[in-house]
Every structure is written in structure tokens, then in C-alpha cells.
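S.K.: model this:
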Amino acid sequence: MEQQLTGQQTDEQVNTWKQQYKQGIYAIEVDGHVGYFKNPNRNEMNCALSKASSGLALDMYEELARLTFLGGSEEVINDDQKFFGLVQQIRSKMDGKKAKLVNL
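M.R.: Numbers count the residues shown, from 1 in each chain. You can find the predicted model right below:
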């Protein structure tokens, strides 16, 4: 039997979020905890990136995590060690879709 993660949501809740957030959702598991997030939109990215200008790089990731957090264990954001693991994954979400430059 698979062990339940702290903050793990039901399939029904996850499906509700999938219907509600058409841009997609994702889960990040860190040290036995799981947090659920929606993919960021342009406004959320702008808000998070505004924190980057203050010179505190982690503030940007924390802001993005808080803006997109849907549910689960808040420890993935609030606990420093879990947050460091979370940042690695959030970074990939900030990359967005890959684009291709085509010279004409």
C-alpha cells in the first residue's frame, strides 16, 4: 500500500482543480509532503518577477509559489529545507513553453 503524503488531496479535488485551471496544475513532492500548484499566468509571473528586483532572489520564487498554491501541505513553502527543493521545480515552470525563432 502506498504511503499517504502529508497534504495529499483526493482524486476528486485534483480533478476539480484541473477543470478550474485550464492552464494546468502540478504537484511537487518534498520529503513526504505534497503541495499543489496551478501554472502561473502572466500577471502572477509579473508579480513574482517584481520581487526579483529587490535583490533577494528567493523572494521571487516564494511569491510565485504563494500566488499559485492551490492546496496540500504548506510546509513545502514554509519549511526552509523543503522550500529549497520546491524552488528547483518552480524554476522549470518559469521557463514556460519552448519557442523557436525563425528568421524570414
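S.K.: and Q8, which of the three is it?
M.R.: Secondary structure, DSSP: H, G, I helix; E, B strand; the rest coil: Q8 is coil.
S.K.: Can you report how many residues lie near K93?
M.R.: Using other Cβ atoms under 10 Å, the number of residues around K93 comes to 19. In short, each C-beta sits where N, CA and C put it, glycine included.
S.K.: By residue count, what's the longest helix in the protein?
M.R.: Longest helix in the chain, counting residues (DSSP state H): helix 80-95.
S.K.: residues of that helix that come out buried?
M.R.: 82-83, 86-87, 89-90, 93 (16 or more other Cβ atoms under 10 Å).
S.K.: Would you check the distance separating it from the middle of the chain?
M.R.: Its chain's C-alpha centre and that of helix 80-95 lie 8 Å apart, by Cα atoms, centre = their mean, to the nearest Å.
S.K.: In terms of secondary structure, what does that helix contact?
M.R.: strand 25-30, strand 33-38, helix 57-68, helix 75-78 (3 or more Cβ pairs under 8 Å, 6 or more residues apart in numbering; DSSP states H and E).
S.K.: mind redoing it with 6 Å?
M.R.: In this structure, helix 80-95 packs against strand 25-30, helix 57-68, helix 75-78, with contacts taken as 3 or more Cβ pairs under 6 Å, 6 or more residues apart in numbering; DSSP states H and E.
S.K.: Tell me which of those lies nearest to N43.
M.R.: Closest approach to N43 among the helices and strands packed on helix 80-95 (Cβ to Cβ): helix 57-68, 8.8 Å.
S.K.: Show me what that closest one is in contact with.
M.R.: Residues outside helix 57-68 that contact it (Cβ atoms under 6 Å, 6 or more residues apart in numbering) are 37-38, 40, 44, 48, 51-52, 77, 87, 90.
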